[in-house]
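**Student:** Give the three-dimensional model of this entry:
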Amino acid sequence: MTSALLIGTYTETLPHVDGHADGVVSAIFDGDIVVEATVAAKLTNPSWLTATADGSRVYAVEEAAPDGRVAAFARDTSGALNALGTVSVGGAEPAHLTLDPSERFVLVGAYGGGSIAVFALAEDGALGDRVAFVQHEGSGPDARRQEGPHVHNLVFDPETSELAVVDLGLGQVLFYSFGEDGALTLRPEATISPGAVGPRHLAFHPDGRHAFVVNELDNTVDVLRRDGDRFVRVGGASTRPEDAAGDSSAAAIRVSPSGATVFVTNRGDDTVAVFSFEDSAGLKLVASESTRGKAPRDLILTPDARRILIANQDSDSVAVFSFEEETRSLEFVSLASVPTPVCLRLV
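**Tutor:** Numbers count the residues shown, from 1 in each chain. Modelled structure (predicted):
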């Protein structure tokens, strides 16, 4: 099945990446390979993007310092992105953004700034007023990477519509109530400090009872279980095999539609870790597959979970694998050339 694919990229050389793309990339995924990759919008470091459910509106960060921005686009029937404007997010290096469940607001997390900004959206999808702003304070145990707050991921709880904010710098997942007017109210009693170092991204299990947090700095995944109106840690696993050597850092985490399989990308090892998950048996690493590239960042599944796409940031490629959940086997299918890919979105 052919699908449109949007790809977030880096366009500048930064301490952690040699970015050399020109902006947001638009491509076609034909079911086996990514083709027709072209620049859809020229932006500075559009490293993360999201879209409305119908694909008609697209939002991308501009990961820059000292003041990052968010850009809005209308996507027409041809797939072209038409600019609707950009605004400052009030913080450095925005690294993630998401739409609220009603698609009336866009929320942006600034990694360098350690902050969250909420913008109302106009009827045509354009960015309106900033209606909320939260500044995190504090630090974590790693003096180099956790010297201050670093908001890395924003995810709405599908059961409660609360906002889970993964802050790598604080080493915490914080939960906020989200108001009808876009206001954010911290629920301090729900804050989680995972058992590992450097929480980066969170993914909810489709059962509504579990969630998984990938920890970048020590390459682990925490298993969380809902306990009343909060989550508690009930287990975890390493993203690397026991014989792994050298430096590596975990990046993206995804859960299959059945909830039986969890995937994590590892930069350094340049692998995708494949886990089995059962409530009774917990999380178990069952395979570690080369991504056929360097520094794999985002990983996405097709709706039927028969194909997995991986963005190899430092080798300028998007890899495609077939996936059979019964055996949890990945088979390499193709590799396409895309400059400095970071974020993948099927629309």
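**Student:** Quick one: end-to-end length of stretch 177-197, please.
**Tutor:** 25 Å (Cα to Cα, to the nearest Å).
**Student:** Pull the residues that contact it.
**Tutor:** Stretch 177-197 is contacted from outside by 100, 104-105, 116, 118-120, 131-132, 134, 140-142, 146, 156, 161-163, 171-176, 213, 215, 217-218, 220, 222, 224, 229-233, 236, using Cβ atoms under 8 Å, 6 or more residues apart in numbering. (Glycine included, C-beta is placed from N, CA and C.)
**Student:** how about 7 Å then?
**Tutor:** 100, 105, 116, 118, 120, 131-132, 134, 141-142, 161-163, 171-176, 213, 215, 217-218, 220, 222, 224, 229-231, 233, 236 (Cβ atoms under 7 Å, 6 or more residues apart in numbering).
**Student:** That stretch - what's its average pLDDT?
**Tutor:** The pLDDT scores in stretch 177-197 average 92.
**Student:** and that stretch, how far out from the chain's middle?
**Tutor:** Once both centres are worked out by Cα atoms, centre = their mean, to the nearest Å, stretch 177-197 turns out to sit 18 Å from its chain's centre.
**Student:** same for the host helix or strand of Val39, what does it pack against?
**Tutor:** Following DSSP states H and E, one finds Val39 within strand 34-41. Here strand 34-41 touches strand 24-29, strand 81-88, strand 329-337, going by 3 or more Cβ pairs under 7 Å, 6 or more residues apart in numbering; DSSP states H and E.
**Student:** Flag the shaky bits of this structure, pLDDT-wise.
**Tutor:** 195-196 (pLDDT under 70).
**Student:** can you rerun that using 80?
**Tutor:** 1, 194-196 (pLDDT under 80).
**Student:** Quick check: can you list the domain ranges of it?
**Tutor:** 3-206+305-346, 207-290 (automatic domain parsing).
**Student:** now these as JSON lines including distance to Leu299?
**Tutor:** Shown next, in JSON lines, are these (distance: least, Cβ to Cβ, whole Å):
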{"stretch": "domain 3-206+305-346", "distance to Leu299": "5"}
{"stretch": "domain 207-290", "distance to Leu299": "5"}
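**Student:** Include mean neighbour count when you put those domains into TSV, please.
**Tutor:** As requested, the domains of the chain are exported to TSV (neighbours: other Cβ atoms under 10 Å):
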stretch	mean neighbour count
domain 3-206+305-346	19
domain 207-290	18
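**Student:** export stretch 103-114 as CSV, just CAs?
**Tutor:** Output of stretch 103-114 as CSV, limited to C-alpha atoms (Å, rounded to 0.1, in the frame of the first residue of the first chain):
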residue,chain,number,x,y,z
GLU,A,103,-6.2,19.0,17.6
ARG,A,104,-7.0,22.5,18.9
PHE,A,105,-3.5,23.1,20.4
VAL,A,106,0.1,22.3,19.5
LEU,A,107,2.5,21.6,22.4
VAL,A,108,6.3,22.1,22.0
GLY,A,109,9.0,20.8,24.3
ALA,A,110,12.4,22.6,24.3
TYR,A,111,15.3,20.4,25.1
GLY,A,112,17.9,23.2,25.6
GLY,A,113,15.4,25.4,27.4
GLY,A,114,13.8,22.7,29.5
